[in-house]
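**Student:** Need a 3D model of the following:
(2 chains)
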Amino acid sequence: MSLPQAQQETQSFVKQRWLGNSRRFASLLEGLLYLLPSILLFTVFLFYPLMKTLYLSFFYSDAQGVPLSFAGFDHFVQLFSSSSFMTSMKATLLFVLYTVPPGIILALALALLANEKLRGIGFFRTIFSSTMGMSVAASSVIWMFMYNPAIGIANRFLTWAGLSEIQWLLDPGWALISVSIATIWMNTGFTFMILLGGLQNIDSQLYESAKIAGVSRFYSLRKITLPMLSPTLFFVITVSMINAFQTFGQIDILTKGGPMETTNVIVYAIYKDAFINYNVGSASAQAVLLFFGILIVTLIQFKLGERKVHYQ
Amino acid sequence: MKAVQLKDIRKSYGQNPEVLKGINAAIEPGEFFVLVGPSGCGKSTMLRIIAGLEEVSEGELIIGSETANRLRPNERDLSMVFQNYALFPHLTVEQNIMFGLHVKKIAKSEQIKRCKEAAEMLGISDYLMRKPKELSGGQRQRVALARAIVTHAPICLMDEPLSNLDAKLRARMRSEIRQIQRKLGITMIYVTHDQTEAMTMADRMMILNHGEVQQVGKPLDIYNNPQNTFVASFIGSPPMNLTAAHVNKGKLQIANKWNIKVDGYQDGEVIIGVRPEAILPANEGLPAADVKVANVEVLGTETLVSFELEGNKQWIAKWPGQWSAEIGEILQVSVDHNKIELFDAVTGERLEKTHSKKVLEVVL
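**Tutor:** Sure, this is the predicted structure:
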């Protein structure tokens, strides 16, 4: 091979590499361009607030939220030694426990009923999913009237049944339960819809095959329906949990965190700290803790779910 | 092994017209009985009624010696293979095969023994611990079959079990299913829309259309003596050539080309049916007519020649061997006059010859 020829080949090789790299770069740019709307929206409404919250949680700030001096982990240390924060944590965890499992079991039962092929079942499907169409504010007001000690239907029902009246939203022992009942009612529509959708996706021939085999209904519920529904259940549990951790609206309308902070769930506590007490730093620190709390719970769920969820 | 009897079975959904309009049939014990027809003819409904997955609107269903109209599916002592196999995706092959056996009060050791036997019979012993999604279509099909076999039910129902397989595998499974049925001696009721499956597998078959029985009988009897134009066109591939013709004073006129002398038929409009293999090249000593070749398909062992009869109407001839006819070429063909079928022009029902052994004679 002569020297000029070799030179030429090297040149063309370099040129080709350069072309390949530039082509890859162009396709990366093209891909980013498609993502641009999402990236913009996420940045403005998600990434920036998240970073800002994290930033603020390490600073002492004034009432307007302008950071004044670096606080390090002071806010976090204070939180973990504050009884108010512990009450708030307890209320949040209890609220999740009171709303998520009963809510899902109720919605699952309704979905199983509504999945039967009966005349006029469409009416019930509509009714069962109707709470999805109501805002938290409107539902909360309705429940507030129902819980009213004087004119509410809840107490009237209790006296009719021969039981003594309850101060639903005022009794520290009942307030969180009352709010949970209202929340379960509000969430049922959504959970029901998703679960019904999941049930309807199960191949009816599986049930027919089970019928011919002659297994009991409970056996096919346990051995066919639940395993086949597991991806949907998993989704619903995850979403419900995250929602429960982030509950705010009904607390604000029904109890304002009272009585005796028994319903002061964490998002409401954040709101109070930030916008009533103007303690932005502490509020941000709680928000950061909530974020990591939800993240960890969700990760654990995915880890546990892997073994139990059967994707088709 | 049990017999199944259908007595004037009718099925309708609400106010809608009937899906099954009075089905009568007696399926013998140990018989391979095929229900065949185009989609929407009611064959799957028929099978689901026998399985107990649909209720009978009217009529009587007898399984063995008892009326089964009101029996639950599991009380009918049968097994069923579904079109999409209905395997449980979250269970292993073994669990799938043994699913529901505990209901029949079969001991665990016996369950495992039966599962092993069935898996061996179908050649899926190596996959017992796998999940259905790790299997190919043919293997899933075998699992579904195994599940039907382990119940030791005397009747097995199959709803288009091969329609999700490719052509090659379908042909193999056809013969495998037939062999298993023979070996176990079970009564098999098999639904398909594929006439080849029906012809090759059935001891006897029932042809359904629009919820009515068109013909019941042995495959060859049906092929040779179709009861009406529907059966004639449905059974056989390529289908029987059907053309309107006219009987006039003992002569059958087809498309101004052929005049065939017929005895024993009344004057009037008829439909003539000729099987592709009954159309012969004109070198066999029979009088011939000139036709223009429209298409030629050489299949290796045989050749399909389409030719124009009149206007757009085409007939297909099937000749053994490899023929190299040009498109547009004029060929001389004749018809084996012993194999012509005549049907009523209005009802489409088969016209029986009234007398005389040699009825048809081709004159040109």
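
**Student:** For stretch B:179-195, measure first residue to last.
**Tutor:** In stretch B:179-195, first residue to last residue: 19 Å (Cα to Cα, to the nearest Å).

**Student:** ok, now stretch A:196-211?
**Tutor:** End to end - Cα to Cα - stretch A:196-211 spans 21 Å.

**Student:** Next, the buried residues of it.
**Tutor:** A:196, A:198-199, A:202-203, A:205-211 (16 or more other Cβ atoms under 10 Å in any protein chain shown). In this view, the C-beta of every residue, glycine as well, is placed from N, C-alpha and C.

**Student:** That stretch close to chain B?
**Tutor:** Yes: applying Cβ under 8 Å from any Cβ of the partner chain, one finds stretch A:196-211 touching chain B at A:203, A:205-206, A:208-211.

**Student:** about what we covered before: farthest-separated two in the buried residues of stretch A:196-211?
**Tutor:** Farthest-apart pair in those is A:Leu196 and A:Ser209; separation 22.1 Å (Cβ to Cβ).

**Student:** could you pull out the helices for chain B?
**Tutor:** Using DSSP state H, the helices of chain B run over residues B:43-51, B:93-98, B:108-122, B:137-150, B:167-184, B:195-201, B:219-224, B:229-234.

**Student:** Show me what the host helix or strand of A:Asp273 is packed up against.
**Tutor:** Taking DSSP states H and E as the criterion, A:Asp273 maps to helix A:266-275. Applying 3 or more Cβ pairs under 8 Å, 6 or more residues apart in numbering or on different chains; DSSP states H and E, one finds that helix A:266-275 makes contact with helix A:83-114, helix A:249-254, helix A:280-308.

**Student:** if we go to 6 Å?
**Tutor:** On a contact count with 3 or more Cβ pairs under 6 Å, 6 or more residues apart in numbering or on different chains; DSSP states H and E, helix A:266-275 meets helix A:83-114, helix A:280-308.

**Student:** Least reliable of those helices by average pLDDT, please.
**Tutor:** Across the helices and strands packed on helix A:266-275, helix A:280-308 has the smallest mean pLDDT, namely a mean of 88.

**Student:** how about it, does it reach chain B?
**Tutor:** No: judged by Cβ under 6 Å from any Cβ of the partner chain, helix A:280-308 makes no contact with chain B; its nearest approach is 9.9 Å.

**Student:** Also compute the angle for that helix relative to helix A:83-114, please.
**Tutor:** Angle between the axes of helix A:280-308 and helix A:83-114 is 40 degrees (criterion: axes from the mean of the first three to the mean of the last three Cα atoms, to 10 degrees).

**Student:** how far does helix A:280-308 sit from the chain's center?
**Tutor:** What separates the centre of helix A:280-308 from the centre of its chain is 11 Å, taken as Cα atoms, centre = their mean, to the nearest Å.

**Student:** Check stretch A:216-227 too.
**Tutor:** 28 Å.

**Student:** quick one: terminal-to-terminal distance for that stretch?
**Tutor:** Per Cα to Cα, the first residue of stretch A:216-227 is 16 Å away from its last.

**Student:** on that earlier part again, any chance of the buried residues of stretch A:196-211 in CSV, with secondary structure too?
**Tutor:** Formatted as CSV, those follow (DSSP: H, G, I helix; E, B strand; the rest coil):
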residue, secondary structure
A:Leu196, helix
A:Gly198, helix
A:Leu199, helix
A:Ile202, coil
A:Asp203, coil
A:Gln205, helix
A:Leu206, helix
A:Tyr207, helix
A:Glu208, helix
A:Ser209, helix
A:Ala210, helix
A:Lys211, helix
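
**Student:** which one among those residues gets closest to A:Leu290?
**Tutor:** Closest approach between the buried residues of stretch A:196-211 and A:Leu290, by Cβ to Cβ: A:Gly198, at 28.9 Å.
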